[in-house]
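**Student:** Fold the stuff below for me.
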Amino acid sequence: MQRIFLSAAIIFIFLSASSAGTFSELESAFRSDNIKAVVNIPERIIRFYSVQEVNDYAEPIMTYRVAVGQKKYPTPIFQGKIVSRRAKPSWFVPKQEWAGEFAGKVIPFNDPENPFRARNENGRVEGYFLSLGTEGVGLHSTRESRSIGKLASHGCIRMRLEDVRFLFRNLKDETPVKVDYKLYRIEKSDTGLIVHAFEDVYDRFSIEDRKQHLISIFEEHSIPIAILMPEEFEQLMAGKSVKIDNVVIPTSQDIVRTNINNSVLDRTVNMSGASEILARAVCMMRR
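**Tutor:** Now for the predicted structure:
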């Protein structure tokens with residue numbers, strides 16, 4: 001059986017944003033009460049969902065590349081929300097050493113030193129800041145557009161001008177925004193699943209911690225870690241993504257299905273027994 005290993009760099013190729021639906025449909029979705037956002041720091045990506053509960057199998061309605069905090073100025077992990085928004089925002093400089101001579105000052109938007117200033121397609125200067133209500137962290141425009149997708153800020157989440165402008169105009173206050181730190185993400189594919197792996201950009205995990213983190217991600221999806229071949233497990237531990245064919249992910253709390261040599265094993269079980277059955281079935285199939 002052929003096994004395919006994909007690097008995170010190859011898997012994630014984004015334009016400014018990827019989305020489903022027309023622009024007017026997106027505007028309507030962003031104004032709904034179900035909209036939720038999740039930032040995953042290791043990916044440098046923010047995803048927006050229009051669902052009651054967010055999980056990895058939920059289909060995002062919009063995905064943006066972002067810049068997050070540098071290793072020495074990490075973006076915090078927290079559950080926040082949009083608490084306020086400002087167009088042409090002044091910069092209230094934190095009283096921190098990195099701010100140098102600007103520490104504690106207020107830099108108006110028309111000052112060239114204001115970091116939220118960005119030129120639009122017509123050459124005019126715009127800027128936006130959406131506060132998340134935690135440690136001064138927000139989603140904001142940046143004059144350093146080349147920093148998007150990198151560890152570049154002092155803790156805030158930078159976005160391209162056109163992306164944050166759309167959020168400013170369409171996102172409601174009180175919209176939940178979760179800032180997370182996950183090294184793995186499980187995604188359904190046409191033939192099984194893809195386990196995406198990401199760099200531990202803030203060096204927060206020991207080898208053992210990373211192992212337990214990987215196991216916990218599988219447990220969150222009711223998928224036994226035993227479906228992985230030893231070499232696949234090692235690839236994931238090394239931060240390389242893995243594609244696993246011929247695996248059907250559980251779609252409810254009651255039914256587990258998987259293909260074995262062109263036949264179908266259908267079992268209706270409680271999830272207490274599902275993991276063992278799925279593990280045995282998949283291991284047989286993948287020998």
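**Student:** what residue ranges in the stretch 151-287 of the chain score low on pLDDT?
**Tutor:** Applying pLDDT under 70 to the stretch 151-287 of the chain flags the ranges 248-287.
**Student:** all helices of it, in order?
**Tutor:** 161-170, 207-220, 230-237, 271-285 (DSSP state H, counting those that start in this stretch).
**Student:** Check the spacing between the residue nearest the centre of the chain and Pro60 real quick.
**Tutor:** Central residue of the chain (Cα atoms, centre = their mean): Asn40, 3.5 Å from the mean position. Taking Cβ to Cβ, to the nearest Å as the measure, Asn40 and Pro60 are separated by 11 Å. In this view, the C-beta of every residue, glycine as well, is placed from N, C-alpha and C.
**Student:** shared neighbours of the two, anything?
**Tutor:** Shared contacts of Asn40 and Pro60, defined by Cβ atoms under 8 Å, 6 or more residues apart in numbering, are found at Arg47.
**Student:** so who does the closest residue to Pro76 other than its chain neighbours touch?
**Tutor:** Of all residues not flanking Pro76 in the chain, Glu135 sits nearest, at 5.7 Å (Cβ to Cβ, 6 or more residues apart in numbering). By Cβ under 8 Å, 6+ apart, Glu135 lies in contact with Pro76, Phe78, Gly155.
**Student:** Also Ser153?
**Tutor:** Applying Cβ under 8 Å, 6+ apart to Ser153 gives the contacts Ala67, Val68, Gly69, Gln70, Tyr73, Thr75, Ser147.
**Student:** The helix or strand hosting Lys36 vs helix 161-170, what angle?
**Tutor:** Per DSSP states H and E, Lys36 falls inside strand 35-40. Per axes from the mean of the first three to the mean of the last three Cα atoms, to 10 degrees, the angle that strand 35-40 makes with helix 161-170 is 150 degrees.
**Student:** what lines up beside strand 35-40 in the sheet?
**Tutor:** The pairing partners recorded for strand 35-40 under DSSP bridges are strand 45-50 (antiparallel), strand 176-180 (parallel).
**Student:** list the buried ones in the shortest one?
**Tutor:** Of the residues in strand 176-180, those buried under the neighbour-count criterion (16 or more other Cβ atoms under 10 Å) are Val177, Lys178, Val179.
**Student:** residue ranges of the strands in the stretch 101-250 of the chain, please?
**Tutor:** 106-107, 118-119, 125-126, 128-134, 137-140, 151-153, 157-158, 176-180, 184-188, 192-197, 241-245 (DSSP state E, counting those that start in this stretch).
**Student:** is it true that Ala87 touches Tyr128?
**Tutor:** Yes - the pair formed by Ala87 and Tyr128 meets the contact definition of Cβ atoms under 8 Å, at 5.7 Å.
**Student:** More neighbours: which of the two?
**Tutor:** Tyr128 (24 against 14; other Cβ atoms under 10 Å).
**Student:** the domain parsing of this structure - what is it?
**Tutor:** Domain assignment for the chain by automatic domain parsing gives 4-180, 188-285.
**Student:** who are the neighbours in contact with the closest residue to Asp173 other than its chain neighbours?
**Tutor:** The spatial neighbour of Asp173 that comes closest, neighbours along the chain excluded (Cβ to Cβ, 6+ apart), is Ile82 at 5.2 Å. Residues near Ile82 by Cβ under 8 Å, 6+ apart: Leu130, Ser131, Leu132, Leu171, Lys172, Asp173, Glu174, Thr175, Val177.
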